[in-house]
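Novice: Using only what follows, build the 3D model:
(one chain, ligands or ions: 2)
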Amino acid sequence: MNHMFSLEGKIALITGASYGIGFAIATGMAEAGATIVFNDIKQELVDKGIKAYAEKGIKAHGYVCDVTNEEAVNALIATIEKEVGVIDILVNNAGIIKRIPMCDMTAAEFRQVIDVDLNAPFIVSKACIPSMIKKGQGKIINICSMMSELGRETVSAYAAAKGGLKMLTRNICSEYGDKNIQCNGIGPGYIATPQTAPLREKQPDGSPHPFDSFILAKTPAHRWGNAEDLIGPAVFLASEASDFVNGHILYVDGGILAYIGKQPQ
Ligand code: NAP
Ligand code: GCO
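Specialist: Ligands and ions are numbered 1, 2, ... in the order given. Alright, predicted model coming up:
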């Protein structure tokens, strides 16, 4: 049974993975046997990431690359193929959010979010797919969101991007499923990482942030997720155990999407 979930001999590229969700997914994939490659925008973050992986006994290959820059991404993929090998597993994890009411948001700010959260997964996937086709196999995992399904005040660009990423996932499945490429998404619920830190900050009087209490009430599991909650789903979607799972979004949300919300007492 275990061999179905093994990533032994596989090379995995996880974008934006020097910390947060990407880092956790990469450590889980390393534990399952994969060679880990990651990138970040700044050298200092790559160095920090390499050190953090080493502390877990993982020899990760880190590169500086902005995933929105097509030329840089193409050069990155060529370098990885030369220095490490063909990428078997791609996790489009790098992402940003801007919490600004829509009518206060500039078009430039909107475009920036779409660029990182939607255009970049297109650019990186496009750069990896030809070699996956030649190899006769490939796994792409797009990190989607609750906002692939739900809206909320202040996150118009993020929701538009993550909804688009859900459809890019289905389209990659549609176009390359016959080449033995599986492209699936993971839709994390509310996960405690630096990205959501502003939503969890304690109030000056020490009481919980109102958004923190709001999320706990919306989540049947009654807790925030940890980045480690995403390891099992990611290893599953990267392994042969999921070879007939394609174009699927696996929501890992403690039940948020299944729940209408707390009934009045
Ligand atoms: P995070 O803590 O902010 O980490 C995101 C990583 O992406 C950072 O290392 C960041 O680097 C990197 N990145 C951003 N723009 C990049 C670019 N242009 N090129 C390369 N790397 C870039 O976020 P996270 O919470 O771990 O989230 C990871 C993914 O999960 C994102 O796609 C996010 O939208 C998604 N997600 C998060 C949650 C949650 O609750 N936390 C829930 C659902 C989905 P810098 O530090 O240099 O910016
Ligand atoms: C927000 C949050 C979310 C989460 C996540 C939910 O401001 O609502 O940051 O968007 O990060 O994507 O799945």
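
Novice: so after the helix or strand hosting residue 25, what's the next helix or strand?
Specialist: Using DSSP states H and E, residue 25 sits in helix 20-31. Downstream of helix 20-31, the first helix or strand assigned by DSSP H and E is strand 35-40.

Novice: Tell me the helix or strand right after that next one.
Specialist: Strand 35-40 is succeeded, C-terminally, by helix 43-55 (DSSP H and E).

Novice: Which residue ranges of this protein form helices?
Specialist: 20-31, 43-55, 70-83, 107-114, 120-135, 156-176, 197-200, 210-218, 231-238 (DSSP state H).

Novice: The shortest one packs against which elements?
Specialist: Helix 197-200 sits against helix 210-218, with contacts defined as 3 or more Cβ pairs under 8 Å, 6 or more residues apart in numbering; DSSP states H and E. No exception for glycine: its C-beta is placed from N, CA and C like everyone else's.

Novice: neighbouring contacts of the helix it packs on?
Specialist: With contacts defined as Cβ atoms under 8 Å, 6 or more residues apart in numbering, helix 210-218 is touched by 190, 199, 200, 222, 223, 224, 256, 259, 261, 262.

Novice: can you dump the C-alpha coordinates of it into CSV?
Specialist: C-alpha atoms of helix 210-218 as CSV (Å, rounded to 0.1, in the frame of the first residue of the first chain):
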residue,chain,number,x,y,z
PRO,A,210,-13.2,39.6,15.6
PHE,A,211,-12.1,37.8,12.3
ASP,A,212,-10.5,35.0,14.3
SER,A,213,-13.8,34.4,16.2
PHE,A,214,-15.7,34.7,12.9
ILE,A,215,-13.6,31.9,11.3
LEU,A,216,-13.8,29.6,14.3
ALA,A,217,-17.7,30.0,14.2
LYS,A,218,-17.6,29.2,10.4
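
Novice: Give the burial count for the nearest residue to residue 66 once chain neighbours are set aside, as a bare number.
Specialist: Nearest non-adjacent residue to residue 66, counting by Cβ to Cβ, 6 or more residues apart in numbering: residue 41, 5.2 Å away. Using other Cβ atoms under 10 Å, residue 41 has 17 other residues around it.

Novice: And for the one 10 residues further on?
Specialist: Residue 51 sits with 12 neighbouring residues when counted by other Cβ under 10 Å.

Novice: From residue 23, how far off is it?
Specialist: 12 Å (Cβ to Cβ, to the nearest Å).

Novice: what does this protein have sitting close to ligand 2?
Specialist: Residues of the chain lying close to ligand 2 (Cβ under 6 Å from any ligand atom) are 97, 99, 145-147, 152, 155, 158, 188-190, 195-196.
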